[in-house]
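Undergrad: sharing a model that was predicted from the sequence below.
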Amino acid sequence: MQDVSEKRLPQHIAIIMDGNGRWAKKHKKKRIEGHRRGAEAVRIVVRACRELGIPYLTLFAFSTENWLRPYEEVSGLMRLLKQYIQSEIDELSKNDIRLNVIGDLSSLKKSVRRALEDAMKKTENNRSMVLNLALSYGGRDEIVMAARRLIQDAKEGLISPDEVDDETFSRYLYTAGIPDPDLLIRTSGEFRISNFLLWQCAYTEFYFTDVFWPDFTKEDLLAAISEYQRRERRFGRTSDQL
């Protein structure tokens, strides 16, 4: 068991769940089987974060670029997403977890969108933890969308350009009202953030692991948190100023 202090837990963990396809190839299975096993890893990590008392967990489930994948794989992913949401609503409610979705929901199939909206409605009063699913999400798209909304409000006289600062701009993002991630985990040995939470990760601690997402366990999560707790977060200041 990893040594994790309850006093310095990250308030917001973001995860790029990478390696489902390579896991499937390694085990000589179809790619959709890798995604199915990945859904089981999601269940494990959500439960672990709830047990630890992590208030916010954001999972990169499907990017805007993922629409370019083969039609069969995308369709399989959408079916799996719908099945996962419908099967987890009761457990989310039981554990007082609120489901939230960030991204362009209009791009999703109506049946998937309805399942997500139903789950968000049923869990909207839960307060112990927020589970953010990033779906049809792209960091650059999010920033452009926020800029357009801000410009429109300025045109309508709802805000003055002189009032725009970091905090103001953040209110136009999908993640408005949610603290920036303290820790970002990426699985499968890749060392990039792939257009994920570009604005929000300005001072996030990054943790990379070779473990494929379907093999990611509670122990792997604790290892990432333990590493996070060993780091000194200065936010531009010196150690002496902390």
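TA: Sure, I can see it. Numbering: from 1, shown residues only.
Undergrad: switch to C-alpha atoms for all contacts and neighbour counts from now on
TA: Noted.
Undergrad: does the residue nearest to Pro161 when sequence neighbours are not counted sit in a helix, a strand or a coil?
TA: Counting by CA to CA, 6 or more residues apart in numbering, Pro161 lies nearest to Ala154, which is 6.8 Å off, once chain neighbours are set aside. Using DSSP: H, G, I helix; E, B strand; the rest coil, the secondary structure recorded for Ala154 is helix.
Undergrad: burial count for the residue nearest to Glu73 when sequence neighbours are not counted?
TA: Using CA to CA, 6+ apart and skipping the chain neighbours, the partner closest in space to Glu73 is Ile32 (6.7 Å). Ile32 is flanked by 19 other residues according to other CA atoms under 10 Å.
Undergrad: from Pro214, how far off is Lys26?
TA: From Lys26 across to Pro214, the span is 12 Å (CA to CA, to the nearest Å).
Undergrad: where does this protein have low pLDDT?
TA: Across the chain, the ranges flagged by pLDDT under 70 are 1, 237-242.
Undergrad: bridging residues for Phe60?
TA: Beta-bridge pairing for Phe60 (DSSP bridges): Ile16, Ala134.
Undergrad: my read: it touches Ile15, true?
TA: Yes. Shown here, Phe60 and Ile15 form a contact pair, counting by CA atoms under 8 Å, at 6.2 Å.
Undergrad: still on that earlier bit, more neighbours: which of Lys26 and Pro214?
TA: Shown here are Lys26 and Pro214; by other CA under 10 Å, Pro214 has more neighbours (26 against 10).
Undergrad: relative to Tyr137, how far out is Val74?
TA: Distance from Val74 to Tyr137, by CA to CA: 14 Å.
Undergrad: compare those two and say which is more crowded by neighbours.
TA: Between Val74 and Tyr137, counted using other CA under 10 Å, Tyr137 has the larger neighbour count: 25 against 16.
Undergrad: look up how far Leu59 lies from the more buried one.
TA: Relative to Leu59, and taking CA to CA, Tyr137 is found at 11 Å.
Undergrad: cool, and Ser226?
TA: 20 Å.
Undergrad: please say which of the two ends up with more neighbours.
TA: Higher neighbour count among Ser226 and Leu59: Leu59, with 22 against 17, using other CA under 10 Å.
Undergrad: surely that one touches Asp18?
TA: No. Here Leu59 does not reach Asp18: they are 10.6 Å apart, not a contact under CA under 8 Å.
Undergrad: burial check on Ile16, number of neighbours?
TA: For Ile16, using other CA under 10 Å, the count is 23.
Undergrad: does it really touch Leu59, like I thought?
TA: Yes. Contact criterion CA under 8 Å: Ile16 and Leu59 qualify, at 6.4 Å.
Undergrad: the longest helix seen in the chain packs against which elements?
TA: When the chain is parsed with DSSP state H, its longest helix is helix 71-94. If you count contacts as 3 or more CA pairs under 8 Å, 6 or more residues apart in numbering; DSSP states H and E, helix 71-94 packs onto helix 31-52, helix 110-123.
Undergrad: any buried residues in the longest one, and which?
TA: For helix 31-52, a neighbour-count test (16 or more other CA atoms under 10 Å) marks 31-42, 45-50 as buried.
Undergrad: what's the answer for stretch 85-102, then?
TA: The neighbour-count check on stretch 85-102 (16+ other CA under 10 Å) flags 85, 89, 92-93, 96-102 as buried.
Undergrad: and those as JSON lines, adding distance to Lys109?
TA: Putting the buried residues of stretch 85-102 into JSON lines (distance: CA to CA, whole Å) gives the following:
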{"residue": "Ile85", "distance to Lys109": "14"}
{"residue": "Ile89", "distance to Lys109": "19"}
{"residue": "Leu92", "distance to Lys109": "23"}
{"residue": "Ser93", "distance to Lys109": "24"}
{"residue": "Asp96", "distance to Lys109": "27"}
{"residue": "Ile97", "distance to Lys109": "24"}
{"residue": "Arg98", "distance to Lys109": "22"}
{"residue": "Leu99", "distance to Lys109": "19"}
{"residue": "Asn100", "distance to Lys109": "17"}
{"residue": "Val101", "distance to Lys109": "15"}
{"residue": "Ile102", "distance to Lys109": "16"}
